[in-house]
Each structure stands twice: as structure tokens, then as C-alpha cells.
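Asker: Predicted coordinates and the sequence they were generated for:
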Amino acid sequence: MSRLLQFQMVGRLVIGPGSLIQLPECVQRLNGHHLMIVTDPGLVRAGICDRLTTLLKKAGISYVVYDKIEPDPRIEIVDDCLSAARDAKVDMMVGLGGGSSLDVAKVVAMMLVNGGQVASYVGIGKVPKPGVPTLMIPTTAGTGSEVTPIAVLSDKTEQLKKGIVSDYLIPGIALIDPELQVTLPPHVTAFTGIDALAHSLEAYTNRFSQPFIDNFALQGIRLVGQYLRRAVCCGDDMEARSGMAMAALYGGLCLGSVNTAAAHALAYPLGGTYDVPHGVAVSLLLPHVMEFNLVADLEKYALVADALGENTEGLSLRDAAELSVEALRQLSADIEIVSRLSDLDIPETAIDEMAADVMKVTRLLKNNPRVVTEEAAKRIYRNAY
Ligand SMILES: [Fe+2]
């Protein structure tokens, strides 16, 4: 299976410990004069937002702060942030935080120019024009939203996650400073890290994988295998945090051109209906989806085992491929990932409805290396229960 490779990169990447100091220069490069920082109350309390505003004040750049971002943000939050940005007449959006803050900043930047309702942009390629310039500063190593053309929002009316995908959402600059990630709690480091792994893994084993993107994907998988345990065990291990920041970046670069598959599709109903954070849902489901997918591409799963640091020498292809699932299970156990759906207050009777909902996520299901029927989705959920 092949298709055209289309790859669009973030305008500028600035990455490395201490890189936050470049913030004023980045704002000037994007010609921003009055910007909005979109973030969450936790980052304000932790003083991380202050680190940005101190630099901006010194450089004489004016700003407003919107700090009401919640995990897995609702469409109403975008509307609220948009109206605050319009009132403040900002000319640039800065996202500071995890994927939720970054995604809202990206959508608001787009809507400041395009107007209309959020719902009309849901889907692929529905944005007519570029928005105001954007600068993204991730404080987790997970979604890779700092480089992707994607924003995911929660629609509470339909109890579903909805994705807006457009090249016009690709940020102008991604400023990635692993020093901002040292205070991330171990359990958040753990599930966001497996989410980053899932982006690379689901792109690598994708039905529409691309050899060019495979290089990013394999490197992303290797870095998670090498550094995630360390980042969870010692949050201030700067080498591990830098490795994970790169892993998330590689994962993000996989998303625009190839995107994810069944583990992300099956995670959608958990977030939409039961408010399970995206990374928790994905990390819980990933080993079960891998187990299901294995037979579709033994060779690639064997290489995943290799990238995760397993010794596959002398093993049959089948055994080597199975080792990839074992490696992930061990990693997840080591970093104490929630491993059962039953631990998340989801009733077993919900499985049939969740499986029916998954069938609507055709955007991702079509990418899976093995066809996922409604029956198969039920089986995967049951195995994970
Ligand atoms: Fe994800």
C-alpha cells in the first residue's frame, strides 16, 4: 500500500534545555506585538507561566494570560478563549502546557482570522485561511501538538472527541525546553510518554506508513525505550527529559503525514464518554491493539521489539514480533500504567456501546494494519477489561 508523501514541518524548531530564553526573539520573528498565553491553572500556580511573562516584560512585549484550560478541552472552552482573545485584540497566540492548552491556542489562532463556529472546521482540510501566528511551548512530552496540524476537542453533546486537521494549524514556532518538564508528576510523565510512543508506533505499523516517516518513528520508539523509565523515576534527570522531549517531537512529526490507528480510535470513547485522559486511554489499550495487529506485519513488530531494546537475535519472526508486546507490557508495568479498563470505573456493559462508537472513527481506523470490525473492537475492549 503506498500513497503520496506530503510532509509539512513547523516553521521553526528551537529545542534544548534552557531554550525558553529565546522566547522574546521567537515572538519578534513571528512579528507578534500583543500576544495571548493559553495555559492551565496548574502551570500558573507552579510559577511556569511567570517564567514566560518575566521574559516578555523585560523585552517590552505586551501579553494577556488565559489560564482556564482543562484536560481534554470542550468546544465551549475554545469559544470562551476566542472571545477573550478578540476582546484583548491579540495578534499572536502562545500555547503553554500539554496538548490541551496547545490545541486550544492553535484553534483560537485559526478562528481569529477565519471566524465562524468550531463545528464547521471539524474534519480534514476545512480551514480556508492561515490564522494569526502561533508559538507552542510544551510542558509535557506526549502529544507532539507543538508540531502537528491537529487539534482534538471534546464534544460533550455527542460524547465524542472531534479532530480538526489542517496545515494551517501547524505552529509557526515550537519552543521545546525540557527544563519546563522536570516538575511533571511521575504518573503524568508515564502516560504522556506512552502516548508519544503510540504516535510513533502507530505510524510505523500503519497501513499507509511512509519510509521517510519510519525514520522519525523508529527513533521516537528507541528514545521512549531508552528514557521513559528514567524520566518517571527521577523527574530532574535532564538527559532523560531531553530524550523524552525529542521522542514526543518525533511522534508529533509522524502525526501530520501518516497519523495513528486503532489504539487511538479505541481510546476516543473512553475520553468522550468517561473523561479518561487521552494518554491514560491510549497507554492502557496499546498493548492489546498491538497483540491484535501483530499478524498483519510480523516484520515491523519484530523491529519495534528491537527499537525498544529487546534482543531478538536467533528468534523466529513470530517470537520477535511478540516480544514487542512483552516489552511494552514490561515498560508499562515498570512505570505503573493503569492496565485494566475495570480500574477506570467503566462498566463492562458499556463495551458494546463503546465498540459501536469506535466504528465512527473511520479517520483513524482506516489506517490500522488489520481491519477492525465492531466484533474485533469488542474483543479488544474485553481483553483490556
Ligand atoms: Fe495521542
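Answerer: The structure has been received and is ready for your questions.

Asker: I'd say residue 64 and residue 37 touch.
Answerer: Yes: look at residue 64 against residue 37 with CB atoms under 8 Å: they come within range, at 7.5 Å. Where you see a C-beta, it was placed from the backbone N, CA and C, and this is true even at glycine.

Asker: More neighbours: those two, which one.
Answerer: The residue with the greater number of neighbours, taking residue 64 and residue 37 and applying other CB atoms under 10 Å, is residue 37; the counts read 25 against 15.

Asker: Ramachandran angles for the more buried one?
Answerer: Here is the backbone geometry of residue 37 (degrees, to the nearest 10): phi -90, psi 120.

Asker: Verify the stated contact: it with residue 90.
Answerer: No: in this structure, residue 37 is not within contact of residue 90 by CB under 8 Å, at 9.7 Å.

Asker: what is in contact with those two at once?
Answerer: Contact criterion CB atoms under 8 Å, 6 or more residues apart in numbering; residues bridging residue 37 and residue 90 by contacting each: residue 64.

Asker: Just to check, residue 365 is in contact with residue 264?
Answerer: No: judged on CB under 8 Å, residue 365 makes no contact with residue 264 at a distance of 9.5 Å.

Asker: So which of these two has more stuff around it?
Answerer: Here residue 365 and residue 264 are compared on neighbour count by other CB under 10 Å; more neighbours surround residue 264, at 29 against 20.

Asker: What strand or helix carries that one?
Answerer: For residue 264, the element it lies in under DSSP states H and E is helix 262-274.

Asker: Give the other helices and strands that that helix contacts.
Answerer: Applying 3 or more CB pairs under 8 Å, 6 or more residues apart in numbering; DSSP states H and E, one finds that helix 262-274 makes contact with strand 150-155, strand 160-165, helix 186-204, helix 278-293, helix 351-358, helix 362-365, helix 374-384.

Asker: so how far is the second one off the chain centroid?
Answerer: How far strand 160-165 lies from its chain's middle: 13 Å, per CA atoms, centre = their mean, to the nearest Å.

Asker: List the pairing partners of the helix or strand that it is followed by within its sheet, with orientation.
Answerer: From strand 160-165 onward toward the C-terminus, using DSSP H and E, the following helix or strand is strand 173-176. Pairing partners of strand 173-176, with direction, according to DSSP bridges: strand 12-15 (parallel), strand 134-138 (parallel).

Asker: then the last one to CSV, C-alphas only?
Answerer: The C-alpha trace of strand 134-138 is given here as CSV (Å, rounded to 0.1, in the frame of the first residue of the first chain):
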residue,chain,number,x,y,z
THR,A,134,1.4,30.7,16.8
LEU,A,135,4.2,29.7,19.2
MET,A,136,4.0,26.5,21.1
ILE,A,137,5.8,25.7,24.4
PRO,A,138,5.0,22.1,25.5
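
Asker: For that strand, give the mean pLDDT please.
Answerer: When pLDDT is averaged along strand 134-138, the result is 98.

Asker: circling back to that earlier point, looking at the strands paired with strand 173-176, which is closest to residue 60?
Answerer: Put simply, out of these the one that sits nearest residue 60 is strand 134-138, at 17.0 Å, with distance taken as CB to CB.

Asker: what's the closest one in contact with?
Answerer: Under the contact criterion CB under 8 Å, 6+ apart, strand 134-138 has outside partners 20, 23, 26-27, 30, 32, 35, 52, 92-98, 102, 105-106, 109, 145-147, 171-177, 180-181, 245, 248.

Asker: now, which of those residues lie within helices?
Answerer: With DSSP state H as the criterion, helices contain 23, 26, 27, 52, 102, 105, 106, 109, 245, 248 from among the contacts of strand 134-138.

Asker: quick one: the residue with the largest distance to the centre of the chain and residue 323, what's the gap?
Answerer: For the chain, the C-alpha lying farthest from the average C-alpha position belongs to residue 314; by CA atoms, centre = their mean, that distance is 35.5 Å. Residue 314 is 12 Å from residue 323, where distance means CB to CB, to the nearest Å.

Asker: isn't there a strand covering the residue farthest from the centre of the chain?
Answerer: No: under the criterion used here (DSSP: H, G, I helix; E, B strand; the rest coil), residue 314 is coil, not part of a strand.

Asker: Let me see the backbone angles for it.
Answerer: The phi and psi torsions at residue 314 (degrees, to the nearest 10) take the values phi 80, psi -10.
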